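Q: Fold the following for me, if possible:
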Amino acid sequence: MNATKALKGVSIGAGYFSQYHLDAWNRIPEVRLTALCDLDPDLAAKRKHEFSIHASYTNYREMIDQEIPDFVDIITPPPTHLDICRYAAERKLHILCQKPLASNYSESRQIVDEMQTAGVRFMVNDNWRWQPWYREIKDLLARGVIGEVTSAYFQMRMGDGWGKDAYLARQPFFREYPKLLIYETGVHFIDTFRFLFGEIRKVYAQLKRLNPVIKGEDSGQVFFTFENGTTAVLDASRYNENETGVNLYTCDPRTTFGILRLDGLNGHLIMDSCGDIIIKPLGKNSYRHTYDHQIRGFAGDSCYFALRHFIDGLSSDREFETSGPDYLKTLAAVEACYESAHSGLPVSMNNPIT
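A: Take a look at the predicted model:
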């Protein structure tokens, strides 16, 4: 694709998370986002006004046919993705599709297969790995700052899912998900762990539901073994809270969603709730590692960086980091977590899910 051509885009879905997308598109000079769509005309009009977008629609098919864009940005609930992707692919539009990709692994694979058959560029928008602290940690690991990573531990305590009004203010549909913690949130960490440590060999998960007003699980621990021998624990809860204003928890929980510790052969590294990084070489004093990051937008402006990656990929024909085939590996690990939680046994990733 010609890098000098302005890319025309449209956005589908004007709910809570769309604000981060629309803000990001307005900051990418190679893009003209000409229209957005939502089933709620008032919400579509509100977002149109907020972000100075030319037109709003209530029917995505009408919008696509009228606007004739180069790409679509899909920010709708998972059950809608297959039909929207199929319609866009039939018109040879490139597609950025928000996670969760579909309601289950089988339908996710169907989307990926159909997009490949159609020959369109397709990227799953899981923006977690574009959080600036993870990009910096990836670079630090490549430089061997703490040596070979032996183990990782991430603690997440969101505290937004307790009580009778859990999730209603921001994303009420969470209450109806039959699977929640790993399907909706843990998938981010699985993809980021793959980004940092490589492919997953085995998972062992214990999951529970603490809040009776929701349908899915909201707490649990998952133990991962990677092909390079690294092990990692995701210790996560959307029910319980963390301390505020002390120690490693001084920023809003939604900045980093928790704290990360990496142990290596030459020392360890801690990422706190503000995205600050502390490095402790073996036998030496700890020090704060300085790097460029801001508390802006969603989780360090990761939505902007993910959308920037999508446009750079379209302009250069480079493969997306979260291409359809690659992201299916993340989703296979999600399925393995639920299989393990159900069976009470570790699940090997040697045999791909079909």
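Q: Quickly list the domain ranges of the protein.
A: Here the domain parsing of the chain from automatic domain parsing is 7-125, 129-294+331-348.
Q: could the ones you listed be laid out in JSON lines, adding mean neighbour count and distance to S323?
A: C-betas here are computed from N, CA, C, even on glycine. Formatted as JSON lines, the domains of the chain follow (neighbours: other C-beta atoms under 10 Å; distance: least, C-beta to C-beta, whole Å):
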{"stretch": "domain 7-125", "mean neighbour count": "19", "distance to S323": "6"}
{"stretch": "domain 129-294+331-348", "mean neighbour count": "18", "distance to S323": "12"}
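Q: Out of the ones you listed, flag the one nearest D317.
A: Checking the domains of the chain against D317 by C-beta to C-beta gives domain 7-125 as the closest, at 8.4 Å.
Q: From one end of that closest one to the other, what's the distance?
A: 18 Å (C-alpha to C-alpha, to the nearest Å).
Q: ok, now how distant is the spatially most central residue of the chain from A45?
A: Nearest residue to the geometric centre of the chain (C-alpha atoms, centre = their mean): D126, 2.9 Å. Distance of D126 to A45, given as C-beta to C-beta, to the nearest Å: 29 Å.
Q: next one: K202
A: 50 Å.
Q: and what of G300?
A: Relative to A45, and taking C-beta to C-beta, G300 is found at 30 Å.
Q: Give the bridge partners for F223, please.
A: Beta-bridge partners recorded for F223 (DSSP bridges): Y204, V233.
Q: From what I see, it and V233 are in contact.
A: Yes. Assessed by C-beta atoms under 8 Å, F223 is found in contact with V233 at 5.6 Å.
Q: pretty sure the residue nearest to the centre of the chain is touching T185, no?
A: No. At 11.2 Å, D126 does not count as touching T185 under the criterion of C-beta under 8 Å.
Q: which outside residues touch whichever strand or helix holds E107?
A: If you go by DSSP states H and E, E107 is part of helix 105-118. Helix 105-118 is contacted by residues 81-82, 85-86, 89-90, 92, 95, 97, 101-102, 122, 324-325, 327-328, 331-332, 334-335, 353 when judged by C-beta atoms under 8 Å, 6 or more residues apart in numbering.
Q: one more time with 7 Å, if that's ok
A: Helix 105-118 has contacts (C-beta atoms under 7 Å, 6 or more residues apart in numbering) with 81-82, 85-86, 89, 95, 101-102, 122, 324-325, 328, 331-332, 335, 353.
Q: Grab the two from those residues that are most spread out in space.
A: Largest pairwise distance in those, by C-beta to C-beta, is 24.4 Å, between A89 and E335.
Q: give the contact list for the residue with the largest distance to the centre of the chain.
A: Centroid-distance maximum for the chain: G283 at 36.4 Å, with C-alpha atoms, centre = their mean. Counting by C-beta under 7 Å, 6+ apart, G283 makes contact with nothing.
Q: ok, now how distant is it from R143?
A: Applying C-beta to C-beta to G283 and R143 gives a distance of 19 Å.
Q: returning to what we had before: now intersect the contacts of helix 105-118 with the strands, please.
A: I95, F122 (DSSP state E).
Q: any low-confidence regions in the stretch 201-350 of the chain?
A: 246 (pLDDT under 70).
Q: and if we set it to 90?
A: The model of the stretch 201-350 of the chain has pLDDT under 90 over residues 213-214, 216, 238-239, 241-255, 294-298, 317, 350.
Q: Show me the helices in the stretch 251-354 of the chain, by range?
A: Per DSSP state H, counting those that start in this stretch, the stretch 251-354 of the chain carries helices over the ranges 253-256, 302-316, 324-343.
Q: Nearest to L196, out of these?
A: helix 324-343 (12.8 Å).
Q: Mind giving me the packing neighbours of the closest one?
A: helix 105-118, strand 122-125, helix 187-197, strand 200-208, strand 347-348 (3 or more C-beta pairs under 7 Å, 6 or more residues apart in numbering; DSSP states H and E).
Q: how far out from the middle of the chain is the shortest one?
A: What it means is strand 347-348. 23 Å (C-alpha atoms, centre = their mean, to the nearest Å).
Q: what pairs with that strand, and is each one parallel or antiparallel?
A: Checking strand 347-348 against DSSP bridges gives partners strand 200-208 (antiparallel).
Q: Show me what the partner strand is in contact with.
A: Contacts with strand 200-208, where a contact means C-beta under 7 Å, 6+ apart, come from 181-182, 194, 217, 219-227, 333, 336-337, 340-341, 346-349.
Q: State the distance from the residue nearest to R157 when sequence neighbours are not counted to T256.
A: Of all residues not flanking R157 in the chain, N242 sits nearest, at 4.0 Å (C-beta to C-beta, 6 or more residues apart in numbering). Note on N242: its distance to T256, by C-beta to C-beta, is 11 Å.
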